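Novice: Pasted the sequence and its predicted model underneath.
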Amino acid sequence: MSFINTIIKGEQGLFKSEGLTPMQKLILRFVVVGLLYYGFALIEGMIMRIYQIEPISSIPDYQYFAILTAHPLVGIFGSTYSLVFGAFLFLVPFLMKKPLWSYKLGNLTFLFITIGTLVFWLAGFISHYAPLYTLYWPLPSDFSQFNPLGGTFFILGIALVMLGTVFFVINIYKTIAYTPKGWDKQPSRALIASAIGYDGLKNLFKRKKKRKEHLVSLPVAAIARGTVDAALNAGIIIFTGVLILVFMVGHLLGFDLKETAIDALLYKNWFWWGLDLIADGLVLIFVAGTWYLLAMLITGKKLFMQNIARAALLVELIVSWTVWSHHLLSDQAQPGILKIISGEMVTALELITQGLAFFITLATLWSARPLKMTNELKFLLGGLLGFALAVPAGIMQADIGLNRILHNTQWIVGPHVHVAILVGLTMTLYAAIYKLFPIVTNNAKLYSQKLANIHFWAHLIGGIGMGAFMGMAGLKGMLRRTIYYNGEFNLYMILAGLCGALLLVAFIAFFYNIVMTVGIKGVIGIFTKSKLPKEDLQPAL
Amino acid sequence: MVDSEIVLFGQTIAYTCYAFVIILLMAWFAFKITRPGKTNRISLTLFYSFVVFLTVLGISLHIITYNTIPWAPMDINRAEIKPDKVFNISIENHQFHLPSEKLIISTGDKVLFDVISKDLTYGFGLFRQDNSMLFQMQVVPGHRNDILWQFNKPGIYTIRSTEYSGPKGTQMILSNVVEVTGQI
């Protein structure tokens, strides 16, 4: 096949978008948009990497901080939420062997996240609204620095994403609990109880013979438990958004509300409680669930220590509600008891829960050797390595003594945040994409294995390298969230920039490989209407 | 008193060693997993030993740092410790307001920095002349933000805000305004 033919029709013309079910098209739309927003975040990241070496004269500092504000939000909401929600809206019905409760709501989730991300990104780009994702009070309502109209659109964009999240939450629980047409009545309450771990908890206090069987599989339980945190997080962000909007609308109408009406420390506590439900809640739970699912799919075997894995997911859920104080270890007014119990001790439990998930996944893979080193396996191992590096880095900074000299340095965002997200989370998501790709494309053939290998190595080395050099700069005192104008940390920043460029190479290789696999015609076809029934996950044979 | 430079050096060594070990372990695992093995059963003793190891590691880290990093217990108990010197500092409109042009400290002194913000959330950090950090804290409006620090070495330090407070905050730097004098 000629190059032109391949780029238009895809590898060997095997991908036929007209043969896709609506559900397959829905997940592929999530993937396309998720990857586009990943590309957005990557370009923003590269601009900031260059800026940290030498401030770019055509980009003023207020524009830089607007990019810094949008970057993590586009990465998490626009990209990760799209990829994760898309995958889980497909996987829950797939694993439970029943249709999604509402295809329409799934589509709304897709639209709200896609449009919401574009709205807040544009608001930041045009108006330079830049309070950063932490929104420390009263910065979001400091109208001497930020335009309230731009801020209003920014908050509305975030609200749309959260609304999409709420629809996702409803759809997941309804799908677990509902009875499809023509089926025998499903035990809705029992299914939900099993999914969120209530049954498992009760089993702990029962004799072996009286223990109930788990009604839902482990990956579904992981999705359901992570979704609890997604719901709570959406609630906190919507509440905070409304609060900020009140101040903005008030200012636009000509009367300024007193910023001191809100206690800055109390606000910081509840907002970090909500934000941590993403970082230490749904990410860790969803990732552990995805590792388990991938390990079972790759090996075709049962998970090692299944019941312990289930219990660990429940512990992780409870832990995720009680760890927020590790973000406030440098806040001197924060009660010491909260710093020690929530900030240090409960946070240390994450080393145990994530360590267990790591061990169980590796043990399951080991039990099935020899395994073929497929793309999904190598990316899964990369994802495991990412968290093995990033979680201990996080535990170190969640220490009263060490936090005093690490807080807000590049250490936090390098070896912890970027290694966790880029290597741990993103490589796990890539593993899922490579594994699910044949299922959702009706066996389209990957264009080039060489490009997949470049994708893997460039991403792994780039991600770990960038995190490492940022971390080294952090240990030398380089702050995050500021601009250095005199090249104080240039050696580390140049090396981090080169590793960032490797990440860009990895993404280009992957994107090109996928476009050549499905073809431009195929990409367009994903966004057209399917004539097949909405209830079918895959076309009937 | 152990300096923050020594603590960071120790952390660098510990984390670097750990990173190399875990990368090598994963590389070994990736190699071995593609080869047939004698037994594929994982022993439960190994699993439970790993759980115990993680538990001990997670808790002992904080016990070790509390007993080896001198500012950790001093920070927790600062209300009961009488400082040798107190500096009251305020921040407003992205400006530090110091009690005097230079803050002069004698070596060995325990100094309390009591910082208030009259508008936004800021940070307060002391930095050495090579830009490395001595310590930092958050400065939250409407609350007392105090940090007690013992200076055991003579030196000159720069104050800068360690928290983002809008684009104007990048210029919140007071170069070489803290001077620690005297002999070790």
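Specialist: Thanks, I have it.
Novice: Only alpha carbons, please: show stretch A:407-427 as CSV.
Specialist: Output of stretch A:407-427 as CSV, limited to C-alpha atoms (Å, rounded to 0.1, in the frame of the first residue of the first chain):
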residue,chain,number,x,y,z
HIS,A,407,7.8,22.4,49.9
ASN,A,408,7.1,24.3,46.7
THR,A,409,10.5,23.3,45.2
GLN,A,410,11.0,21.6,41.9
TRP,A,411,11.3,18.3,43.9
ILE,A,412,7.6,18.2,44.4
VAL,A,413,6.7,18.6,40.7
GLY,A,414,9.6,16.6,39.3
PRO,A,415,10.2,13.2,40.9
HIS,A,416,6.8,13.1,42.5
VAL,A,417,4.1,14.8,40.4
HIS,A,418,5.5,14.5,36.8
VAL,A,419,7.0,11.0,37.3
ALA,A,420,3.7,9.8,38.9
ILE,A,421,1.5,11.4,36.1
LEU,A,422,3.8,11.0,33.0
VAL,A,423,5.5,7.7,33.7
GLY,A,424,3.1,6.0,36.2
LEU,A,425,-0.3,7.1,35.1
THR,A,426,0.2,7.9,31.4
MET,A,427,2.2,4.7,30.7
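Novice: In it, which residues are buried?
Specialist: Using 16 or more other Cβ atoms under 10 Å in any protein chain shown as the test for burial, stretch A:407-427 gives A:407-427. Yep, even glycine has a C-beta here, placed from its N, CA and C like the rest.
Novice: First-to-last residue distance for stretch A:246-262?
Specialist: Criterion Cα to Cα, to the nearest Å; first-to-last residue distance in stretch A:246-262 is 12 Å.
Novice: quick one: secondary structure of A:P539?
Specialist: Per DSSP: H, G, I helix; E, B strand; the rest coil, the secondary structure class of A:P539 is coil.
Novice: try B:V180
Specialist: What three-state DSSP gives for B:V180 is strand.
Novice: hang on, it packs against B:L134?
Specialist: No: checked against Cβ atoms under 8 Å, the pair B:V180 and B:L134 is beyond contact range at 10.0 Å.
Novice: Common neighbours of these two, please.
Specialist: Residues within reach of B:V180 and of B:L134 at once, by Cβ atoms under 8 Å, 6 or more residues apart in numbering or on different chains, are B:Y157.
Novice: how about the helices of the stretch 201-350 of chain A, start to end?
Specialist: Secondary structure of the stretch 201-350 of chain A, counting by DSSP state H, counting those that start in this stretch: helices at A:218-252, A:264-276, A:283-299, A:306-320, A:336-338, A:347-366.
Novice: Turn these into JSON lines, columns for mean neighbour count.
Specialist: Converted to JSON lines, the helices of the stretch 201-350 of chain A look like this (neighbours: other Cβ atoms under 10 Å in any protein chain shown):
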{"stretch": "helix A:218-252", "mean neighbour count": "21"}
{"stretch": "helix A:264-276", "mean neighbour count": "20"}
{"stretch": "helix A:283-299", "mean neighbour count": "24"}
{"stretch": "helix A:306-320", "mean neighbour count": "21"}
{"stretch": "helix A:336-338", "mean neighbour count": "15"}
{"stretch": "helix A:347-366", "mean neighbour count": "23"}
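Novice: Any idea which of these gets closest to chain B?
Specialist: Comparison of those against chain B by Cβ to the nearest Cβ identifies helix A:347-366 as nearest, at 3.3 Å.
Novice: Can you confirm whether the closest one lies near chain B?
Specialist: Yes: interface with chain B: helix A:347-366 contributes A:348-349, A:351-352, A:355-356, A:359, A:362-363, A:365-366 (Cβ under 8 Å from any Cβ of the partner chain).
Novice: for that helix, packing partners?
Specialist: helix A:283-299, helix A:306-320, helix A:375-397, helix B:44-68 (3 or more Cβ pairs under 8 Å, 6 or more residues apart in numbering or on different chains; DSSP states H and E).
Novice: If I look at the spatially most central residue of chain A, what pLDDT would I see?
Specialist: Geometric centre of chain A, nearest residue: A:T80, 3.8 Å, by Cα atoms, centre = their mean. Reported pLDDT at A:T80 in the predicted model: 96.
Novice: ok, back up a step: check the helices and strands packed on helix A:347-366 for me: which has the lowest mean pLDDT.
Specialist: Mean pLDDT is lowest for helix A:306-320 among the helices and strands packed on helix A:347-366, at a mean of 88.
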